[in-house]
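Colleague: Fold the stuff below for me.
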Amino acid sequence: MQLAPTPGFIEPPSALVESNTESRLVQLLRDAASTKNPTEILTRSAVAHYLLGPELGNALADLSVTGRAAYAEFQRATVSHATLLALTSERLANTEHVQASPEDVAVAVSAALDRAYSVAWALRGPVAKQETARAPLGWIAVSGEDDAPHRPVNVPSPPFEQYDLRVTVAPRTMPATLAVTTRFFIASADAFAPSATTPP
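Modeller: Model (predicted):
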């Protein structure tokens with residue numbers, strides 16, 4: 001049975017998802033997401049930007065901030081431009097038939113970082129500014145099976161501030177308690193007033 005598309009859902013590029021899998025990412029992207037390491041993912045993104053262009057490069061950069069674990073690490077350990085320059089230069093130097101200039105490497109690294117910060121801001125910035133920030137980004141890569149998303153990604157977000165809450169539950173069928181992280185927002189009719197949704 002063919003399911004009706006979700007209103008507001010942003011379709012992924014066909015080259016970056018497996019066919020007939022409900023938009024599961026290709027293995028190259030899943031491998032990156034499974035590291036949950038933003039520095040490693042952004043290094044792969046910069047290399048992809050240099051060798052293959054922005055479509056794959058942007059998708060890899062997205063994965064450094066869309067997964068819950070990767071984003072938490074992104075916040076904890078600020079990814080250094082200098083570190084990414086060194087790692088990307090080293091990886092390209094070990095790639096056969098590639099002679100990357102320092103200037104070209106710097107452009108690739110900047111492209112990866114710019115995309116990551118733009119995505120992080122669009123998904124987690126002030127609610128009143130999210131729509132404006134989100135629109136130009138198009139489809140954003142996320143791999144829920146490898147690193148569960150921290151916020152809604154390719155579907156519309158609620159027009160309210162979202163919060164995380166860690167809850168400990170004790171299921172009757174399990175011998176131990178279970179810690180669950182959930183997300184919530186406080187709905188208000190005021191949020192639908194024009195003044196509340198229009199950026200200052």
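Colleague: lowest average confidence, helix or strand, in the protein?
Modeller: helix 194-197 (a mean of 49; mean pLDDT, DSSP states H and E).
Colleague: Just want the most central residue of this protein.
Modeller: The chain has T66 as the residue nearest its centroid, 2.6 Å off, counting by Cα atoms, centre = their mean.
Colleague: show me what contacts the spatially closest residue to that residue that is not a sequence neighbour?
Modeller: What sits nearest to T66 in space, not counting adjacent residues and going by Cβ to Cβ, 6 or more residues apart in numbering, is V142, at 4.1 Å. C-beta: built from backbone N, CA, C; applies to glycine. Residues in contact with V142 (Cβ atoms under 8 Å, 6 or more residues apart in numbering) are 33, 62-63, 66-67, 149, 153-154.
Colleague: Touching the helix ranked longest in the chain from outside, list them.
Modeller: Assignment by DSSP state H gives helix 102-124 as the longest helix of the chain. For helix 102-124, contacts defined as Cβ under 8 Å, 6+ apart pick out 38, 42, 45-47, 49-50, 54, 57-58, 60-62, 64-66, 71, 74, 79, 81, 84-85, 88-89, 92, 130, 133-134, 137, 140, 150-153, 157.
Colleague: Can you select the buried ones from the residues you listed in PyMOL?
Modeller: A single PyMOL command selects the buried members of those (16 or more other Cβ atoms under 10 Å):
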select buried, resi 38+42+45+46+47+49+50+57+58+60+61+62+64+65+66+71+74+79+84+85+88+89+92+130+133+134+137+140+150+151+153+157
